[in-house]
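below: sequence and its predicted model.
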Amino acid sequence: MPNMTSITEFILLGLTDDPELQVAIFFFLLITHLLSVSGNMAIIMLTLSNIHLKTPRYFFLRNFSFLEISFTTVCIPRFLINIATGDTTISYNAFCNWLVISGWLAGFLIIFPPVIMGLQLDFCDSNTIDHFICDSSPMLLIAYTDTQFLELLAFLLAVFTLTVTLALVFLSYTLILKTILKIPSAQQRKKAFSTCSSYMIVVSISYGSCIFTYVKTSAKEGVALSKGVAVLNTSIAPTLNPFIYTLRNQRVKQALREFTKKILSLSKQ
């Protein structure tokens with residue numbers, strides 16, 4: 001292949017070229033990121049410090065919060081730096097390191113095999129990525145070598161992972177709904193249904209965005225739509241999770257009040 005050069009950095013095009021819209025996006029993502037990290041950190045601290053929250057349920061919620069912090073921190077701060085500085089480049093190594101770490105935490109099965117194969121691709125046509133994060137799909141668009149097998153592999157892994165996990169979620173909520181319907185009190189049933197509907201909002205956002213992002217046989221399908229959906233997956237959902245999954249729980253709110261009182265008493269000493 002003539003005139004082949006080694007790619008050492010990539011250029012991220014982001015979401016828009018409009019300066020005014022970039023400012024709005026910057027503050028929106030900054031606020032949602034801070035809310036997401038602080039909310040999930042609060043959940044981790046509360047479930048670790050309160051003896052009444054030492055149950056399997058809160059153990060898994062604590063693990064979930066840690067994953068959310070890791071996932072959103074990999075994507076959003078880098079994009080905010082890009083907007084603030086105007087520097088839209090990211091080094092080849094920094095893409096690889098952060099993606100492997102986030103892929104290991106967020107989903108070994110769906111991320112790791114395509115990443116290992118993707119690192120072997122040749123990028124000699126362009127180093128400009130039409131996205132605001134270095135995901136596998138937008139990178140395939142600028143690869144020189146044939147990516148059909150890699151795209152098919154990513155598609156099959158995404159379908160398998162989403163199908164299995166969604167089936168487990170569906171089974172869980174089916175059992176929950178059956179239990180709710182057996183509750184004799186109409187007021188308690190209404191409260192339980194309200195809680196479940198809130199959970200389903202986040203589940204729908206998470207799975208809907210993942211389906212749009214990963215369940216497609218070609219990397220060229222819906223690039224603009226994928227960028228918008230990625231904002232939901234990396235910013236909106238992690239922000240809603242602490243409020244919907246845990247902070248509406250009465251035991252967690254009581255633990256939060258006790259923790260706040262303890263902090264205030266220490267500050268007065």
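Ah, there it is. Residues are numbered from 1 along each chain as shown.

pLDDT weak spots in the stretch 151-269 of the chain?
213-225, 245-249, 269 (pLDDT under 70).

helices of that one, start to end?
With helices called from DSSP state H, counting those that start in this stretch, the stretch 151-269 of the chain shows them at 186-214, 223-231, 237-241, 250-268.

tell me which of these lies nearest to residue 164.
Proximity to residue 164 (C-beta to C-beta) singles out helix 186-214 among those, at 12.0 Å. From N, CA and C alone the C-beta is placed, and that goes for glycine too.

show me what the closest one is packed up against.
Helix 186-214 is packed against helix 148-181, helix 223-231, helix 237-241, with contacts defined by 3 or more C-beta pairs under 8 Å, 6 or more residues apart in numbering; DSSP states H and E.

the ones you listed: which one's closest to residue 46?
helix 237-241 (14.4 Å).

just the CA atoms of the closest one, as PDB, please.
The C-alpha coordinates for helix 237-241 follow below in PDB (Å, rounded to 0.1, in the frame of the first residue of the first chain):
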ATOM      1  CA  ALA A 237     -29.100   7.700  32.100                       C
ATOM      2  CA  PRO A 238     -26.100   7.900  34.600                       C
ATOM      3  CA  THR A 239     -27.600  11.100  36.000                       C
ATOM      4  CA  LEU A 240     -31.100   9.600  36.500                       C
ATOM      5  CA  ASN A 241     -29.900   6.400  38.000                       C
END
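
show me where the stretch 1-150 of the chain has its helices.
Counting by DSSP H, counting those that start in this stretch, the helices of the stretch 1-150 of the chain are 19-49, 56-85, 92-118, 136-140, 148-181.

check those helices for me and report the most buried one.
helix 136-140 (a mean of 22; mean count of other C-beta atoms under 10 Å).

and that helix, how far out from the chain's middle?
Averaging C-alpha positions (C-alpha atoms, centre = their mean, to the nearest Å) puts helix 136-140 17 Å from its chain's average.

check which helices and strands that helix is in contact with.
helix 92-118, helix 148-181, helix 223-231.
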